[in-house]
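*Asks:* this is a predicted model, with the sequence first.
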Amino acid sequence: MNSATRIQNSRQQLREQLKQQRRALTEAEQKSASLQLVDTAMQQPEVAQAETIALYFSFAAELNTAPLLQALLDAGKKVCLPVLHPFAKGHLLMLRYDPQRPLINNKFAIPEPPLRCPDVVPFAQLDTLLVPLVGFDSQGNRLGMGGGFYDRTLAGWHAGRYPQLKVMGLAHDCQQAGHIPVQSWDVPLPAVITATRCWRFRHSSL
Ligand SMILES: Nc1nc2c(c(=O)[nH]1)N(C=O)[C@@H](CNc1ccc(C(=O)N[C@@H](CCC(=O)O)C(=O)O)cc1)CN2
Ligand SMILES: Nc1ncnc2c1ncn2[C@@H]1O[C@H](COP(=O)(O)OP(=O)(O)OP(=O)(O)O)[C@@H](O)[C@H]1O
């Protein structure tokens, strides 16, 4: 077995473990974490000062982003949600969320805005991008669902293409892992917001 395969195997194992950990949270713990997240996130300058911010619509046992989504709208921000790219496989588009327009489930059963060209927001126009994750470590390394969607999305930013863009992960406290083995394409996060605090890491571009 080559080393890339070994890394992918250990990431897959860790992914299952961490997903299991968040599934073990009780409904009451999930509820209080999602409400606490609103306060913790709104206290961060990258969130508080953003005019245009991309969030994601949570699914399964992910930290519920619905209260934060509402708080961002109430604060008058332009909020975007990811949409699976219709033909560039593995890529995401960010679309403005209009609460008047119903969301449509994608192939993963995650609700997303209907694909209308005028609603597409280019990354150059985003102030802040909040990303989902399955695990993070003390270096800011990120483990996602395994589709590489956010790795591809973050590649341009990592290469310095969107210097205005602040990127932060959102996670349950229990998604912190000792060490996440990484591949060349993995993009470390400068910060991760949980219900109880904001972790900031070295390499920070914030
Ligand atoms: N809320 C949210 N939206 C997101 C992501 C995410 O991680 N969270 N993504 C981040 O990249 C993209 C979707 N990526 C995904 C990649 C794999 C699976 C997946 O394997 N789903 C399994 C069920 C897994 C489970 O329940 O834990 C399935 O469909 O069978 C789902 C989404 C875009 N939108
Ligand atoms: N920038 C990229 N360009 C091309 N392929 C990529 C890129 N980033 C990741 N991939 C591919 O996507 C797959 C994702 O693997 P990985 O385990 O890193 O996903 P992840 O970080 O957990 O997922 P996600 O980013 O969707 O949350 C890998 O097979 C990898 O080859």
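*Replies:* That came in fine, so what should we check first? Ligands and ions are numbered 1, 2, ... in the order given.
*Asks:* what's the strand ranked longest in the chain packed up against?
*Replies:* Of all the elements of type strand in the chain, the one with the most residues (DSSP state E) is strand 78-84. Under the contact definition 3 or more CB pairs under 8 Å, 6 or more residues apart in numbering; DSSP states H and E, strand 78-84 sits against strand 52-54, helix 66-74, strand 92-96, strand 111-112, helix 149-158. The way it works is simple: take the backbone N, C-alpha and C, and place the C-beta from them, glycine included.
*Asks:* let me see the mean pLDDT of that strand.
*Replies:* Mean pLDDT, taken over the full extent of strand 78-84, equals 98.
*Asks:* what's the closest of the helices and strands packed on strand 78-84 to residue 37?
*Replies:* Ranking the helices and strands packed on strand 78-84 by their distance to residue 37 (criterion: CB to CB) puts helix 66-74 first, at 5.6 Å.
*Asks:* buried stuff in the closest one?
*Replies:* For helix 66-74, the buried set under the neighbour-count rule, 16 or more other CB atoms under 10 Å, comprises 67-69, 71-72.
*Asks:* quick check: residues of this structure near ligand 1?
*Replies:* Proximity of the chain to ligand 1 (CB under 6 Å from any ligand atom) is limited to residues 19, 56-60, 62, 82, 92, 108, 110, 132, 144-147, 149-150.
*Asks:* buried only: go through those residues for me.
*Replies:* In the residues of the chain next to ligand 1, burial by neighbour count holds for 19, 56-59, 62, 82, 92, 110, 132, 144-145, 149-150, counting by 16+ other CB under 10 Å.
*Asks:* pull the most distant pair out of those.
*Replies:* Pairwise distances across those peak at 20.5 Å for 19 and 92 (criterion: CB to CB).
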